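S.K.: how does the following fold in three dimensions:
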Amino acid sequence: MNIHKIVIPTPYPIGDVNAFLVKGDKLSLFDVGPKTQDALDALKRGIHEAGFKLGDIEQVVLTHHHPDHAGWVDAFSQAEIVGHEYNDHFLRRTPEFMAYRSNFYREQLQLQAVPEKYLDKIVESKEALKLYGSTPLTKYIEDGQEVPGHPGLKAIYTPGHAQSHLIFLEESTNEVIGGDLLLDKVAANPLVEPPTDLSTNRPKALIQQQESLKLLRELNAAKVFAGHGEDIVKVNELIDKRLQKDQMRLEQLIKHVDTPKTVIELTMDLYPANYKSELGLTLSKTMGYLDCLVRDGLVSEEIVNEVIVYHRS
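M.R.: Modelled structure (predicted):
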């Protein structure tokens, strides 16, 4: 794969994000960083180092909709913007979708017994929304489809970290543009997000993430060009490590389900030092582990007084 990596700063704890310039029948840029001036400067510099300028980019391809990956779509108004259809909800941000999104989170958080005083902080995320672009997709790409202009480069749907998440497999080299599915230093967080069908059914993000990792493992990829950090060559070894870490977390969590508890109580048990400052993230993690324990038949859930309570099976 004729690929050029561009490292872009972000204001997030994860640090820099990677974009990838790929030359095929089309000149395509995979991911574009958050919508900050520093990120735009880095994008311009990286594209220039590869011998091109912003206006030469014919196609932007998004691995997923999160702002550190989809912010600067607005810098490529002349290009095709390609990604999973779900991206469009966050790029267009219609009043209808934003109201649905707020209601979805509010309902989920109330089910998890999150105190009212925390709801607005988690639901609104106004600062995060500022870092999104607002140029809609010009083309949707689905699981199994080839990227336009790149014969043999195939999209694979890998939800978990994001409901829009795609990776891209170059079939001739078995290399993968991996987005945030597998990262070298940290495990990608399985974030609670509204479902792709915009219903009230919460996707079980960690279960999805594990299935997506197993799908990547089956590919026996030679290399993953990751969305953050370094390229990964010992791909299956790292996948096994991530799955084993999840299993350790499950064994840790079940010890806390000694009496019937809510998600917020278990989050406080698991993350006493940082649940207040990172409540949305820690709640997502706890819910993900509980979903796995319910799947494995080790924990049961029931609704008591309009709140979900978990207890050992």
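
S.K.: so which residues of the stretch 151-300 of the chain form helices?
M.R.: 205-219, 235-254, 263-270, 279-295 (DSSP state H, counting those that start in this stretch).

S.K.: next one: the first one to chain centre, how far?
M.R.: Taking the mean C-alpha point of helix 205-219 and that of its whole chain, the gap between them comes to 13 Å (C-alpha atoms, centre = their mean, to the nearest Å).

S.K.: what residues does it touch?
M.R.: When contacts are defined by C-beta atoms under 8 Å, 6 or more residues apart in numbering, helix 205-219 is touched by residues 156, 158-161, 165, 167, 169, 174, 176, 178, 181-182, 188, 190-193, 224, 235-236, 239-240, 242-243, 246, 284-285, 287-289, 291-292, 295. (Glycine included, C-beta is placed from N, CA and C.)

S.K.: which of the residues in it are buried?
M.R.: Going by neighbour count (16 or more other C-beta atoms under 10 Å), the buried part of helix 205-219 is Ala205, Leu206, Ile207, Gln208, Gln209, Gln210, Ser212, Leu213, Leu216, Arg217, Leu219.

S.K.: could you dump the residues you listed to CSV with pLDDT?
M.R.: Supplementary listing: the buried residues of helix 205-219 in CSV, determined by pLDDT from 0 to 100:
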residue, pLDDT
Ala205, 96
Leu206, 96
Ile207, 97
Gln208, 98
Gln209, 97
Gln210, 97
Ser212, 98
Leu213, 98
Leu216, 98
Arg217, 98
Leu219, 97
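
S.K.: tell me which of those is nearest to Glu96?
M.R.: Checking these against Glu96 with C-beta to C-beta, the nearest one is Ala205 at 23.6 Å.

S.K.: ok, so of the buried residues of helix 205-219, who is nearest Gly83?
M.R.: Ser212 (16.5 Å).

S.K.: excluding residues flanking it in the chain, which one is nearest that closest one?
M.R.: Nearest in space to Ser212, with sequence neighbours left out and distances taken as C-beta to C-beta, 6 or more residues apart in numbering, is Thr158 at 3.7 Å.

S.K.: ok, the one you found - contacts?
M.R.: Contacts of Thr158 (C-beta under 8 Å, 6+ apart): His165, Leu166, Ile167, Gly179, Leu181, Ser212, Leu215, Leu216.
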